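S.K.: whatever this is, show me its structure:
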Amino acid sequence: MKKWFALCMVIMLAAVLAACGGKTNNSPAEKGTNQEPAAKDVEIVFQSWITPNLTVEYYDNLIKKFESANPGIKVKRIQPPANEGNPDSYLKTLLASGDFPDVVQNATIQMFVDADALLEIPIDDDIKKINNYEAEMIDGKLYNISAIRQPQSLIFYNKKLFAEAGITSTPKSWAELEAAAEKLKAKNITPLLTAGDWTAGFTFSVMTSPTIYKDNKSWYADRFDNKVKFTDANWKEAASYYSGLIEKGYFNKGALSIDYTAVEQEFLKGKGAMYPMGSWFSAAEAVAQKDFEVGVFATPTKDGTQYLLGGENAGGYAVAKNSKNPEAALKFAKFMMLDPEAHKGYLQADALFSNLKEPLKWEMSPLQTEIYELLLNNPPMVGHMNNKVGRVPVAGIQDQYNKVAQNIMLGDMDVEKGMQSLDEYWDKHNK
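M.R.: Residues are numbered from 1 along each chain as shown. Here you go, the predicted model:
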């Protein structure tokens, strides 16, 4: 009887287990479905570069589009403090603290290559779509994804104020610019506008460098080899020209007390006749409400030879070498620069020009068309300030340009000491 009862219990238990699928838990694998546990989203941190043109909304909209197309990747956006010429100082702090972002934008690439912080970008079919990408390589390796041309040595001018001062043609030489400035000042019109922060150094560089670099397109490379110096006669003459514009009262009073965003608005409000700035300004001009037309001309040189400075394939996207998700980071960096809609939107937002082998075109304003024609009618650009002129300059040179420009404007430094300080900075930071 006991044996019969035990046998019945075994049969009943087997039936119950069979009804439950023969398992004692409910995990997907044990249900016989062969399902893998759902993969977690990966998160990458992106350091964005915010400007009046490239706004928070601009980046957030692109991030949403990327995340929608790549549901397994989440992008966390961060940004450096305002009023700096680039994010280098911010990124150096993050690197030192171990919080370097997965994707960085608009950084001085050489600086972070030297710090062994950036991932080498594979030269694949995507990269091969970019014109002259080889020029941005460092020791035969690519670290930055960019496909833009950005003329920078431009002077925008208020056509209405020029007419009021009786100026009928745009200046081509230093002497012609000074003559125009004198006519404007005689009409109580501020001839030139600049600002503090990085803007002063930028103004100093674009007002002087074209005269130097048009005759030596590898000046920075020669400086590394000690063939040239900032204290050479041609640089001191160019810096003296800049200093003379200040001494004659041609720049706006209190320039160093305002920043880039404010001086842009000063020009758009008609508070000054000429505004040295890069092509990105034309994006703000295209949507501004004003009662005058804006024109543009290449920054004058000593002898009147027209020559543009700017960036080619610079200011792009780089990936951290120690990213925990390098494939996702690289995918995002490529999307931001090379996705056709993102690329076209970037060009239009910041008034840039495509440097793809099959360039994408966008609807340009009349002013942007003028810039494009200047670009087409000039020799290939070289850089200035912290951009390549034969070679990328020593790290941080932009900050030294800023100090020299601001101190000369304040009257706290003469030209000789200013140019000497640039040489001293270079020699100290030349590794």
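S.K.: could you use CA atoms for every contact and neighbour count after this?
M.R.: OK.
S.K.: and the strands in the stretch 201-350 of the chain, which stretches?
M.R.: Counting by DSSP state E, counting those that start in this stretch, the stretch 201-350 of the chain has these strands, from start to end: 274-277, 294-298, 310-312, 317-319.
S.K.: return the most buried member of these.
M.R.: The highest mean neighbour count among the strands of the stretch 201-350 of the chain belongs to strand 317-319 (a mean of 29), with neighbours defined as mean count of other C-alpha atoms under 10 Å.
S.K.: which strands or helices does that one pack on?
M.R.: strand 103-105, helix 326-338 (3 or more C-alpha pairs under 8 Å, 6 or more residues apart in numbering; DSSP states H and E).
S.K.: about what we covered before: pipe the strands of the stretch 201-350 of the chain into TSV and attach distance to Glu327 and mean pLDDT per row.
M.R.: What follows is the strands of the stretch 201-350 of the chain, written out as TSV (distance: least, C-alpha to C-alpha, whole Å; pLDDT from 0 to 100):
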stretch	distance to Glu327	mean pLDDT
strand 274-277	37	98
strand 294-298	42	98
strand 310-312	26	90
strand 317-319	10	98
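S.K.: nearest to Lys159, out of those strands?
M.R.: The closest of those to Lys159 is strand 294-298. By C-alpha to C-alpha, the value is 5.8 Å.
S.K.: list the strands paired with that closest one, with their directions.
M.R.: strand 154-158 (antiparallel) (DSSP bridges).
S.K.: centre of the chain to the very next helix or strand once past the partner strand, how far?
M.R.: Beyond strand 154-158 in the direction of the C-terminus, DSSP states H and E gives the next helix or strand as helix 159-164. If you compare the mean C-alpha spot of helix 159-164 with that of the full chain, they lie 32 Å apart, counting by C-alpha atoms, centre = their mean, to the nearest Å.
S.K.: now do the buried residues in the very next helix or strand once past helix 159-164.
M.R.: Counting by DSSP H and E, the element after helix 159-164 in chain order, helix or strand, is helix 174-186. When neighbours are counted by 16 or more other C-alpha atoms under 10 Å, the buried residues of helix 174-186 are found to be Trp174, Ala175, Glu176, Leu177, Glu178, Ala180, Ala181, Glu182, Lys183, Leu184, Lys185.
S.K.: contacts for stretch 341-353?
M.R.: With contact meaning C-alpha atoms under 8 Å, 6 or more residues apart in numbering, stretch 341-353 is reached by 53-54, 62, 148-150, 279-283, 335-337, 354, 360-364, 368, 372.
S.K.: could you do stretch 287-306 as well?
M.R.: The set of residues that contact stretch 287-306 without belonging to it, under C-alpha under 8 Å, 6+ apart, is 153-160, 170-175, 177, 206-208, 210-211, 268-270, 276, 285, 307-308, 367, 370-371, 374, 378.
S.K.: quick one on the thing from earlier: tell me which of the helices and strands packed on strand 317-319 is the most buried.
M.R.: A comparison of the helices and strands packed on strand 317-319 by mean neighbour count, using mean count of other C-alpha under 10 Å, puts strand 103-105 on top with a mean of 26.
S.K.: pairing partners for that strand, with directions?
M.R.: The pairing partners recorded for strand 103-105 under DSSP bridges are strand 42-47 (parallel), strand 317-319 (antiparallel).
S.K.: of those, which is nearest Ala238?
M.R.: Closest to Ala238 of those is strand 317-319 (C-alpha to C-alpha; 33.8 Å).
S.K.: and the spatially closest residue to Asn402 that is not a sequence neighbour, how many neighbours?
M.R.: Spatial nearest neighbour of Asn402, chain neighbours left out: Gly201 (3.8 Å); criterion: C-alpha to C-alpha, 6 or more residues apart in numbering. Per other C-alpha atoms under 10 Å, the neighbour tally for Gly201 reads 24.
S.K.: which residues touch Gly201?
M.R.: Contact criterion C-alpha under 8 Å, 6+ apart gives Gln398, Asp399, Tyr401, Asn402, Lys403, Val404, Ala405, Gln406 as the residues in contact with Gly201.
S.K.: quick one: which of the residues you listed is nearest Met385?
M.R.: Within the contacts of Gly201, distances to Met385 taken as C-alpha to C-alpha reach their minimum at Gln398, with 5.7 Å.
S.K.: which helix or strand contains that closest one?
M.R.: If you go by DSSP H and E, Gln398 is part of helix 397-410.
S.K.: distance of the nearest residue to Gly315 once chain neighbours are set aside from Ala318?
M.R.: Counting by C-alpha to C-alpha, 6+ apart, the nearest residue to Gly315 once its immediate chain neighbours are dropped is Asn106, at 4.0 Å. With distances defined as C-alpha to C-alpha, to the nearest Å, the gap from Asn106 to Ala318 amounts to 9 Å.
S.K.: then Glu247?
M.R.: Applying C-alpha to C-alpha, the value for Glu247 to Ala318 is 42 Å.
S.K.: any idea how far Leu245 is from Lys159?
M.R.: Counting by C-alpha to C-alpha, the gap from Lys159 to Leu245 is 21 Å.
S.K.: scratch that, Leu193
M.R.: Summarising the geometry, the distance separating Leu193 from Leu245, computed by C-alpha to C-alpha, is 11 Å.
S.K.: can you work out which residues contact both of these two?
M.R.: With contacts taken as C-alpha under 8 Å, 6+ apart, the residues that reach both Leu193 and Leu245 are Phe251.
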